[in-house]
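>>> Can you look at this prediction? I've put the sequence above it.
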Amino acid sequence: MRDLKKETFRVLYLDTKNRLINICELSDGTVDEVNPIVREIFHKALESFATSFICVHNHPSGMCEPSIEDRNLTRDIQKISAPIKINFLDHVILGDNSYFSFAEEGLLEN
């Protein structure tokens, strides 16, 4: 995804053993933004019978530091996932030979 010219948002859906069930491309954006619909993330999770998921998107600029919008999206996803018991494991941003993981940075509540 790092070589794509536009931002793309994908979700990796996992089963109870964290094995990959499905990968869905939920949104295709522009050179500097992507706007996935949070409802669709959970719709696909339910359709896939997933118990957890990881969100991934790229930054064509090569810089993987999350924007305010990335942080807000992550917060919104996290707020929804807890009460419906679908584990939101991480939101990863891919840059040029680097990545940013909200989980690794301690920015996701467990």
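Great, that's in hand.
>>> Regarding the residue of the chain positioned farthest from its centre, what is its secondary structure?
Distance from the C-alpha centroid of the chain peaks at residue 17, with 19.1 Å (C-alpha atoms, centre = their mean). State at residue 17, reduced to three classes by DSSP: H, G, I helix; E, B strand; the rest coil: coil.
>>> That one and residue 60: what is the separation?
Distance from residue 17 to residue 60, counting by C-beta to C-beta, to the nearest Å: 34 Å. For glycine as for every other residue, the C-beta is placed from the backbone atoms N, C-alpha and C.
>>> try residue 13
Between residue 13 and residue 60 the distance is 25 Å, computed by C-beta to C-beta.
>>> Residue ranges in this protein under the pLDDT threshold?
In the predicted model, the chain carries pLDDT under 70 at residues 2, 110.
>>> just so I have it, where are all the helices in it?
Listed in chain order, the helices of the chain (DSSP state H) span 38-48, 68-84.
>>> Contacts only, for the residue nearest the centre of the chain.
Geometric centre of the chain, nearest residue: residue 55, 1.6 Å, by C-alpha atoms, centre = their mean. The contact partners of residue 55, by C-beta atoms under 8 Å, 6 or more residues apart in numbering, come to 9, 10, 11, 12, 36, 41, 74, 77, 88, 90, 91, 92.
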